[in-house]
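Visitor: Got a predicted model here, sequence first, then my questions.
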Amino acid sequence: MSYRNGGAAIVESLAAHGVDVIFGIPGTHNLELYRHLRSAGIRAVTTRHEQGAGYAADGYHQVSGKPGVVITTSGPALFNVAAAAGTAWAESRAMLIIAPGLPTGTDGGDAGQLHETKDSSGAFDRIVAWSRRVRTADDAAAAVTDAFAFFAAGRPRPVHIEVPLDVLEQPWTGTPFVAARPAPATPDDDGVRDAATALSDADRPVIVAGGGARRAIGEIRRLAERLGAPVVTTTNGKGVLPEDHPLAIGAAIRLRCVQKHLAASDVVLVVGSELGDSELWGGSVDTPTVIRLDIDPGQLDKNRVGQLHLCGDAAATLARLLDRIAAPAPDPGAVRGAAERAAGLRELCHAEAVADGGRWQPVVDAVRRALPAGSSLVGDSSQVTYFGSAHFFGADKPGEFLYMAGFATLGYGLPAAIGAKLADPDRAVAVLLGDGALMFSVQEIVTAVEQRLPLPIVVVDNSGYAEIKDQQARRGIAPIGVDLVTPDLPALARACGAYGVQAAQAADVAELVRDALSADRPTLIRLAC
Ligand SMILES: Cc1ncc(C[n+]2csc(CCOP(=O)(O)OP(=O)(O)O)c2C)c(N)n1
Ligand SMILES: [Mg+2]
């Protein structure tokens, strides 16, 4: 057995919480963490930049449901993961970032040490839920326990643990401690009764499902069917109701036709969404009665005051609502009416989505055709994602479309796909993104090669930042900084040890993606547009 020290306290505690893979980069200061990974049965995946480790951890989290864990070294390495930490905060995802720090007693030091940082945990405390600089090896183990208890208890968010170098080396004789899972929180009876009454009495109820509904798919479906309520999702909630269900409207909350429909409805139940502008795109939810259900009390009136509030776990609270909402007497007419209302709205959505993103539909359709049921498509902050895949890629479940509408960070797609694939090696995972997005994380092609991932990476290449160019045009600004040199991407992929091919037209992408799924390495598929 290897020498047990503060590093072992962290690593053994991770293993006790079911962690079997970490994403990161080893360095001089985190070796006492890396020392223990192998014996703890934890696989270390080295990305080629810490930002990629953070996004890979997020993709892993979204597909596995387990928190993503990142280990960096100190100073620049930790700061390199800051954009991913910000993403996990904005999108409400569970991410644990562990990094070494300067020795205890040198806090705030300015002594010229390697990777010296003014105040790492202070800096990270401003961008994650909490950041703790631990003081002893026991404290290090307790911090891991606290992180997982935090992830289990409420709205998931990132946390950061800083382990001073001397604490990493400190002998440790403790044992990891796993806290009991708390019972899911649910609101009081009166709140559930009032909400159930409002929903039962509604003529035109609608359900809006956000990322907080991802673990309540059965309950959302049963409630929608019982009420005859169409279900609209945010992009983070995409797939909460299978998108081919007769009541599914899709990830369409940004569309004006949906917002008009909400205004013409009498009651909307919003489950696990902050109704942020990054999802509503300047619009609003103007339904007279809005019921907000969220695990985080801070969300219950956010962006749109709720008339009724349900503070609790989505699945547990919806189950209690279902107990109180009687199944309607069999009435085929009512069922047909609800499905017809949903079908009418879906048609309007499709027309609106085609109006601003129709040119992306052929390539999205080609990727969809090539991917078997239960696959995941990963997007990025590119037009092909928010105007394309978000609407045209049908998802059956959460985790089948990976994106980050809130932080909207370029460079997410490729590393997140690596994490998703490692979370579920049997699942087909593909990336569809723009050239600009790829260039932020292009080095992670090598990570995917090293991990031997049969990953299709479909790049729509318009040699620059079309979205920003369009925005410049709308403001009357002559294009500046947006028309870019893009390398020969297939050649670059080949140089990295991947396959690289050109698609002559969008329809050809289907065949190329199919081939890529059965390859022994990633394939970059470039489509000029
Ligand atoms: C980290 C980061 N930097 C800058 C931006 C601003 N931004 C948003 S979209 C975009 C262009 C993306 O280019 P590409 O992926 O090629 O998609 P396209 O707009 O060409 O469809 C930029 C620069 C961002 N979202 N994230
Ligand atoms: Mg582009």
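Guide: Sure, I can see it. Residues are numbered from 1 along each chain as shown. Ligands and ions are numbered 1, 2, ... in the order given.
Visitor: List the contacts of the residue of the stretch 151-300 of the chain at minimum distance from ligand 2.
Guide: Closest approach between the stretch 151-300 of the chain and ligand 2, counting by Cβ to the ion: T235, at 19.5 Å. Using the backbone N, CA and C atoms, a C-beta is placed for each residue, glycine as well. Residues near T235 by Cβ atoms under 8 Å, 6 or more residues apart in numbering: A251, E279, Y386, A390, F401, Y403, A405.
Visitor: Ranking by neighbours, what's the top pick from those?
Guide: Most neighbours among the contacts of T235, by other Cβ atoms under 10 Å: A251, with 30 neighbours.
Visitor: The residue lying closest to it once chain neighbours are set aside: what's it in contact with?
Guide: Counting by Cβ to Cβ, 6 or more residues apart in numbering, A251 lies nearest to K238, which is 4.0 Å off, once chain neighbours are set aside. Contact partners of K238, counting by Cβ under 8 Å, 6+ apart, are G250, A251, A390, A395, P398, E400, F401, Y403.
Visitor: can you check A153 too?
Guide: Residues near A153 by Cβ under 8 Å, 6+ apart: P182.
Visitor: Mean confidence (pLDDT) on stretch 93-107, please.
Guide: Taken as a whole, stretch 93-107 has a mean pLDDT of 95.
Visitor: And the residue of the stretch 201-350 of the chain closest to ligand 1?
Guide: Using Cβ to the nearest ligand atom, the point where the stretch 201-350 of the chain gets nearest to ligand 1 is S278, with a distance of 11.1 Å.
Visitor: what do you get for the stretch 1-150 of the chain?
Guide: Ligand 1 sits closest to A83 of the stretch 1-150 of the chain, with a gap of 6.4 Å, by Cβ to the nearest ligand atom.
Visitor: how close does that residue get to E279?
Guide: 20 Å (Cβ to Cβ, to the nearest Å).
Visitor: try G476
Guide: Taken as Cβ to Cβ, the span from G476 to E279 is 28 Å.
Visitor: I'd guessed D266 sits against I291; true?
Guide: No: at 11.4 Å, D266 does not count as touching I291 under the criterion of Cβ atoms under 8 Å.
Visitor: count of residues packed around the one residue in the chain that gets nearest to ligand 2?
Guide: Nearest residue of the chain to ligand 2 (Cβ to the ion) works out as G434 at 3.7 Å. Neighbour count for G434, taken as other Cβ under 10 Å: 26.
Visitor: Specify which member of the contacts of T235 is nearest to ligand 1.
Guide: Ranked by distance to ligand 1 (Cβ to the nearest ligand atom), these are led by Y386 at 8.9 Å.
Visitor: surely that closest one meets F401?
Guide: No: here Y386 does not reach F401: they are 11.5 Å apart, not a contact under Cβ under 8 Å.
Visitor: Next, show the common contact partners of those two.
Guide: Joint contacts of Y386 and F401 (Cβ under 8 Å, 6+ apart) are T235, G379.
Visitor: so what's the residue nearest to F392 when sequence neighbours are not counted up against?
Guide: Leaving aside its chain neighbours, F392 sits nearest to V364 (4.1 Å; criterion: Cβ to Cβ, 6+ apart). Residues near V364 by Cβ under 8 Å, 6+ apart: V384, G388, S389, F392, F393, L432.
Visitor: Not counting sequence-adjacent ones, nearest residue to the second one?
Guide: What that stands for is G388. Leaving aside its chain neighbours, G388 sits nearest to W360 (3.0 Å; criterion: Cβ to Cβ, 6+ apart).
Visitor: residues from this structure in reach of ligand 2?
Guide: When proximity is defined as Cβ under 5 Å from the ion, the chain approaches ligand 2 at G434, D435, G436, N462, A466.
Visitor: Looking at these, which are in strands?
Guide: G434 (DSSP state E).
Visitor: ok, H36 touching A9?
Guide: No: with contact defined as Cβ under 8 Å, H36 does not reach A9; the gap is 9.2 Å.
Visitor: Which one's more surrounded, the two?
Guide: Using other Cβ under 10 Å, the more surrounded residue of H36 and A9 is A9, with 31 against 22.
Visitor: who's in contact with the strand or helix carrying the more buried one?
Guide: Here A9 is covered by helix 6-16, with elements defined by DSSP states H and E. Contact with helix 6-16 is made by 2, 4, 22, 32-37, 40-42, 69, 98, 136-138, 140-141, 144-145, 161, 163, 167-170, 172, 174-178, as judged by Cβ under 8 Å, 6+ apart.
Visitor: switch the cut-off to 6 Å
Guide: 32-33, 35-37, 40, 42, 137, 140-141, 144, 167-168, 170, 172, 176, 178 (Cβ atoms under 6 Å, 6 or more residues apart in numbering).
Visitor: what's the spacing between the residue of the stretch 1-150 of the chain closest to ligand 1 and F23?
Guide: Distance from A83 to F23, by Cβ to Cβ: 14 Å.
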